[in-house]
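Student: Need coordinates for the below:
(2 chains)
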Amino acid sequence: MRMEKLTDPRLHYLTPLRQTPFHPRTAAANRMNSWGPWGGYTTALVFDDEAMEYTAIRNAASVYDLCPMVKYRVRGREALAYLNRLTVRDVGKLSVGGVQYTIWCDDAGKIIDDGTLFRLGEDEYRICCQERHLPWLLDSAFGFDVEIEEVTEEIAALSLQGPCTAMVLRAAGFDVAGLKPFRMATFPFDGGELMISRTGFTGDLGYELWTTPDHALPLWDLLFDAGAPWGIRPIGSNALNMARVEAGFIITNLDFVPVHQAVREDRVRSPFEMGLDWLISWDKGHFTGRRALKAEGEKGSEWAFVGLDIEGNVSAEHSLIYHDKKHEVGHITGAVWSPTCKRNIALAHLKRPYHADKNGNLWVEVYAMRELQYVKLMLKATVCQRPFFKPARRTATPPGAF
Amino acid sequence: MIYDAVIVGAGHNGLTAACYLARAGLKVMVVEKNDWVGGAAVSRELYPGFTYSNCSYVSSLFRPEIMRDLELPKHGLQVLPYEGGAVFMEGGDYLGMHRDHDANRREIARHSKRDAEAYDRYARDVLRHCRFIRPMLLRTAPDPSSFRPRDLSELAWLGKQIFGLSEMAMYDMIRFWTMSIADYLDEYFEHPTVKAYQAVASIIGTALGPMSPGTAYVLLHHAMGDVDGNVGAWGFARGGMGSITKALTASLKAAGGEVRTGSGVEKILVKNGRAYGVVLENGDEVLGKRVVSNMDVKRTFLKHVDEADLPGAFVKRVKAFKIRGSSGKLNIALDRAPKFTALPEGSPYVKGDMHFTDSIEKMERAYDDWKAGHYSQDPFQDMMIPTMIDPTMTPPGKHFMSCFVQYASPKIEGRDWTDEDRDGFAKTCLDQIEKYAPGFKDSILHYEVRTPRELEKEVGLTEGNIFQGELTFDQLLFNRPVPGCAQYRSPIQDLWICGSSTHPGGGVMGAPGRNAASEILRDIKQPKKDMSEAYAVL
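Tutor: The predicted structure is shown next:
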């Protein structure tokens, strides 16, 4: 009866939030019993101590359950041409075994989502992203000999991030010493296969590990056994969020509203407005949104996305930004006191030209909660380079031992 | 005694108008033909211990501004959001509905993975249209031919809303307001049942099929409401829909207004082009400085006013006003909860709206019967069991089932409905439910059937049209009910209209009543009291 219940697809409502294939392990490790929804899954926010989890990312080795990430398989004779049409980046430059960070836009040149594109074979790719796009992906395939499937549940993935992660993988029996950033390699594992890519969301040395759900628990167990000498620990979304702000990475629906969900037309952003225009390949041929983006490139954009360094130590999440303390010129979407940089950093939307020419007199209005009472602060903000944290170990190949 | 305002009809809009007028200091009398108040927002006990929602059965459009202005919660009104809902499919499966986005996606994905992921963009687009239309609900539609400063400023406001849109959004807007729901849904979804569920809101109360142009807007009319800010959500009024009009009546009395039931208006008294009161069916005269009719526009002007007192062109327009009945209703007292074979034991779907029409094609076929002047042989039903959530309407363990049925033509092949027609209509509906819930018929303790005939006779809705006139684009905004008469006024001085025939239309919304009161107070230069402007949307 119980098995029958679990396998009857109609009974999904009994568990409105799904559990990932790693749930037996993450649940056992979640001493705080702190969970949040992500893409229809229940995921750990904190396992036992957010600061310790964050420290594991920057000091040793951390494990984050990536399963809720939405995944699509794209394969077929014209997969490359299709993806070149769909995304703004030149997919032709992506060789088999390579990974690209990329974005795709609608015809008006506004961002639908960002994600990573894996070239698994000559004619096979995987898109990993935050939101769901099957109708868009299918409609974009008109005229291409290509097959697109949503495969989120077919894949179990962990993100292993931190300066000691190459050592952990070596101890686990996977030699990744030669693996360069944005490359992947496949290893036999547990009677199946493990794909390891040198990718991540922390701006540090790190890897993402991809397998099928039936191998999920052995993978978890192997990593934690092998990683014990380095103090490997599971991390929740809160710790990861600190690291990703330091790395200057954006999250769809936290840092921008994807065009297919934006009820207010002015909420959408173009690549120029998210600091992602460097991804655009103008000479690869036509791609969706190209005409609009070309025009925007010539005419100029309304918004800019910048890093901010804010005086003091009060984190400025969701604060409004003023010019000369008077005129509202932007807002902050992600912010943290960076324990690693010892800076009060933020990711912000600024109306142009306050991101550059007129960025000398910017102030952030922060409401600091002090014993049940907000104290209003006006803090000076300086536009600065992203990422805030960019250690050499991130790209060193082979990686160091720490 | 001469009242400041005599309101004809104690429906939700008449009572809402009366409440606002009474609060502003006017002496108000509401006259009602039935022995009870409520109009189409009414709850009666037709079987001992069972309260029905005899006509309207769910609430979403009723404006929170009105509930708050008139202190309706203090007078007993409670609106309960509901969950669930399902379409039963041929072949034994179903498509369920969930309030939770991800749960809903997983349920749709059982039927179409593509449609499951199409929902984001669909919801975005419908919400965009809601954001556009919502601010208009509590505003008087401007007269586009007028040069009065007020009309000009309202037109400018409307223009600003329109020109604030991007080019693409403007295209979408025009298409949306004119196209059929079938065409609209085809742009998003592929699965017939996914489309059928979404199309429901586009045909309810409308004498159009899902393939008729103009039905997409009707969807919006049902999606633009909210329950506590949750736009598109629907709920039950605790104790039945009559709770809304009971609370309004209590609020009215607290403000010094009066209600007189049991005798309807025979005639609106007009002298020298001015209305000065009404004469009731029992012969009593109730005099007032103005008369405000909650009756639909046809009933008001064609049945209770001398046509000779009206301009011929106006009479012609009123006669041409589309108010075709399209629906009927079954209200059923049940000894026990029905068991739907398709649904897993304990599933939440029975708490919401349930349907048996699993494709737009079938809906359209049901409409074909209406066109032929009959009730549908395979009807569309919007079936709900409010007692799954509301414990006050029946004894514990018993249930009240409300079945909204479409289509039912105002006449049967050109002649009036007979009792045999009514019984045949009821049997068709009950048989349909029985097919999906065997044993259901045996659990019936009592039921009430309302065809367009009963709706017209008891509730006073011409042809049984639940919206007091169809919600097609030609009958909206400054064209509702008829051009030149969209600001709650009529060609007769001091005769006002405040029902769903006026902007912004039908549904238990209260906005027409509130807006009419606003216009009356403006007319007599009396400051509005306790009348909020529309809340921000989303």
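Student: The closest residue to chain A within chain B: what secondary structure?
Tutor: For chain B, the residue closest to chain A is B:Asp102, as judged by C-beta to the nearest C-beta, at 3.2 Å. (Glycine included, C-beta is placed from N, CA and C.) Under the three-state scheme (DSSP: H, G, I helix; E, B strand; the rest coil), B:Asp102 adopts helix.
Student: what element comes up after the helix or strand of chain A with the lowest mean pLDDT heading to the C-terminus?
Tutor: Within chain A, confidence by mean pLDDT, DSSP states H and E is lowest for helix A:2-7 among all helices and strands, at a mean of 54. Tracing the chain C-terminally past helix A:2-7 and defining elements by DSSP states H and E, one meets helix A:23-29 next.
Student: Now the nearest residue to A:Trp303 once chain neighbours are set aside. Its backbone dihedrals?
Tutor: Taking C-beta to C-beta, 6 or more residues apart in numbering or on different chains as the measure, A:Trp303 lies nearest to A:Glu273, with 4.0 Å between them; neighbours along the chain are not counted. Here is the backbone geometry of A:Glu273 (degrees, to the nearest 10): phi -80, psi -10.
Student: just to revisit the earlier point, what sits closest to the residue of chain B closest to chain A if chain neighbours are left out?
Tutor: Distances taken as C-beta to C-beta, 6+ apart place A:Gly40 nearest to B:Asp102, at 3.2 Å, with adjacent residues excluded.
Student: Please apply the same query to A:Leu279.
Tutor: Nearest to A:Leu279 is A:Arg89, by C-beta to C-beta, 6+ apart, at 4.9 Å.
Student: Look at that neighbour and tell me its secondary structure.
Tutor: Reducing the assignment to helix, strand or coil with three-state DSSP, the entry for A:Arg89 is coil.
Student: from memory it sits against A:Asp277, does it?
Tutor: No. Using C-beta atoms under 8 Å, A:Arg89 is not in contact with A:Asp277, being 11.2 Å away.
Student: Please say which of those two ends up with more neighbours.
Tutor: Per other C-beta atoms under 10 Å in any protein chain shown, whichever of A:Arg89 and A:Asp277 has more neighbours is A:Arg89, with 22 against 17.
Student: quick one, what contacts that one?
Tutor: A:Arg89 sits next to A:100, A:102-103, A:117, A:279-281 when contact means C-beta atoms under 8 Å, 6 or more residues apart in numbering or on different chains.
Student: which ones among those residues are found in strands?
Tutor: Mapping these onto strands (DSSP state E) picks out A:100, A:102-103, A:117.
Student: At the contact with chain A, which residues of chain B appear?
Tutor: Chain B comes close to chain A at residues B:96, B:98, B:100-103, B:105-107, B:110, B:113-114, B:116-118, B:120-121, B:124, B:127-128, B:131, B:165-166, B:168-169, B:188, B:344, B:347-348, B:538, as judged by C-beta under 8 Å from any C-beta of the partner chain.
Student: In helices only, show me the residues you listed.
Tutor: Taking DSSP state H as the definition of helices, the residues of chain B next to chain A contribute B:101-103, B:105-107, B:113-114, B:116-118, B:120-121, B:124, B:127-128, B:131, B:168-169.
Student: From these, list the buried ones, please.
Tutor: Burial of these was assessed by neighbour count (16 or more other C-beta atoms under 10 Å in any protein chain shown); the buried members are B:102-103, B:105-107, B:113-114, B:116-118, B:120-121, B:124, B:127-128, B:131, B:169.
Student: and of the ones in strands among the contacts of A:Arg89, the nearest to chain B?
Tutor: Closest to chain B, out of all of these and judged by C-beta to the nearest C-beta, is A:Ile103, at 17.5 Å.
Student: Is the closest one bridged to anything, and to what?
Tutor: Beta bridges link A:Ile103 to A:Asp114 when assigned by DSSP bridges.
Student: I figured it was touching A:Trp278, is that so?
Tutor: No. No contact is recorded between A:Ile103 and A:Trp278 when judged using C-beta under 8 Å, the distance being 10.7 Å.
Student: And stretch A:38-54, end to end?
Tutor: Taking C-alpha to C-alpha, to the nearest Å as the measure, stretch A:38-54 stretches 19 Å from start to finish.
Student: so who does the spatially closest residue to A:Thr382 that is not a sequence neighbour touch?
Tutor: Closest residue in space to A:Thr382, ignoring its immediate chain neighbours: A:Asp309 at 4.7 Å, by C-beta to C-beta, 6+ apart. The contact partners of A:Asp309, by C-beta under 8 Å, 6+ apart, come to A:343-345, A:381-382, A:384, A:388.
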